[in-house]
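Peer 1: Provided below for reference: sequence and predicted model.
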Amino acid sequence: MASAHVSPIEADHVDIFGRQGHVMGTVDGKVIMAGGSNDDHEDGSVWCFSEVDGWEKLHSDAKFGYGSAAATCPDGSGDLLIFGGSNLLGTCTNEVLRVSADKDGKLSVRIVDVKGQAHARCNMHATTVGDRVFVTGGFDGAEHLEKVEVYRPDGSGGLVVENMPLPKLSVAPRSLHSSVVVDGKLYLIGGEMYTYSGTEFQPIVYLDLEKRVWEQVRLGSGEAEKMTRRAGAASVDMGDGKVLLFGGWSHAGEENKPRVDAGIINVRDGKWTDVEIKGSGISGRAGVAATRVADGMIYAFGGWDGGFNFHKDMFEINLDA
């Protein structure tokens, strides 16, 4: 078993409402958050957070309200790309925003020119590998997708999107999942899909990027299978094939209650390692977002408790060596 120390970050959250379905990332060492919604509000804004100054709004009136995906731009700039999302009316967008820092560290946000046909969707996941960003899955207002779109820089600040034709796999479509690329394979971890019999929490699958064939991952134990079938969890790529999952929904959790547990899945060997949470108590939550800010240090924000409470707390997770 691994362990992590969790502590709240005291800061001014006065301008922020509690939310789920937002995304987080970093630019120039600064924590960025985009979108999020609760029962009454949605936030088509991009924010910057610091422990000293609290929250600063960088951009407003984006087409998304929640359910975007974020990934580091693959051109070496360190910029953050924010893909798609939806509003509370269920209208999805294919808009892409880019968060940049100038030489003085001042942040700005602009809409990216995208060449090619990008699918409007929400609750997908994005991961950067080499000179590409892979955007996977999601929900387009009508169905859960197994679609994979590949974005690459066009050399002038824009992006070119390529749709990857793929064979069908019944367990590949999903939303609210995580993804990581390891050894030439694109792994989709967890997520959900609505069926006539209810919500199905999805297993881990991978796409061989050379052969372009989906395969389901055979995990090392039934415990790993149970613990990774969750949706709306915070996920952080820890490198070397390991992904940290925290919170989310799952059939394995208490009925109608988001999970409070955490663990690390190694997609290379299918091994699940429980992470013992120490320090300040963090309630179970789904739709929470997280980003790694330093080696072993993670910031996480928000989430929904399954009832009437949408959280607006920021907390720090330090993984013990």
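Peer 2: Structure's in. What do you need? Numbers count the residues shown, from 1 in each chain.
Peer 1: what about the nearest residue to Gly44 once chain neighbours are set aside, helix or strand, and which?
Peer 2: Residue nearest to Gly44 in three dimensions, not counting chain neighbours: Ala62, with 4.1 Å by C-beta to C-beta, 6 or more residues apart in numbering. For every residue, glycine as well, the C-beta is placed using N, CA and C. Using DSSP states H and E, Ala62 sits in no helix or strand.
Peer 1: for Ser45, see how far away Ala62 is.
Peer 2: 7 Å (C-beta to C-beta, to the nearest Å).
Peer 1: who touches both of these two?
Peer 2: 34-35 (C-beta atoms under 8 Å, 6 or more residues apart in numbering).
Peer 1: quickly note the distance from Ser3 to Thr228.
Peer 2: Relative to Thr228, and taking C-beta to C-beta, Ser3 is found at 20 Å.
Peer 1: ugh, wrong one, I meant Leu80
Peer 2: Remark: distance between Leu80 and Thr228 (C-beta to C-beta) = 26 Å.
Peer 1: and the nearest residue to Val109 once chain neighbours are set aside, how far from Ala118?
Peer 2: The shortest distance from Val109 to any non-neighbouring residue, by C-beta to C-beta, 6+ apart, is to His59 (3.6 Å). Remark: distance between His59 and Ala118 (C-beta to C-beta) = 19 Å.
Peer 1: likewise for Gly25?
Peer 2: 19 Å.
Peer 1: quick revisit: more neighbours, Ser3 and Thr228?
Peer 2: Thr228 (27 against 15; other C-beta atoms under 10 Å).
Peer 1: that one contacts Ile265, correct?
Peer 2: Yes. Contact status for Thr228 versus Ile265: in contact at 5.3 Å, counting by C-beta atoms under 8 Å.
Peer 1: mutual contacts of the two, please.
Peer 2: 189, 204, 245, 272.
Peer 1: mind listing what the last one touches?
Peer 2: Residues near Trp272 by C-beta under 8 Å, 6+ apart: 219-221, 223-224, 227-228, 263-266.
Peer 1: what of Phe134?
Peer 2: By C-beta under 8 Å, 6+ apart, the neighbours of Phe134 are 126-128, 148-150, 179, 181, 186.
Peer 1: and those, which of them are in strands?
Peer 2: Counting by DSSP state E, those place 126-128, 148-150, 179, 181, 186 in strands.
Peer 1: what's the lowest-mean-pLDDT helix or strand in the chain packed up against?
Peer 2: Least confident helix or strand, the chain: strand 198-201 with a mean of 82, by mean pLDDT, DSSP states H and E. With contacts defined as 3 or more C-beta pairs under 8 Å, 6 or more residues apart in numbering; DSSP states H and E, strand 198-201 has these neighbours: strand 192-195.
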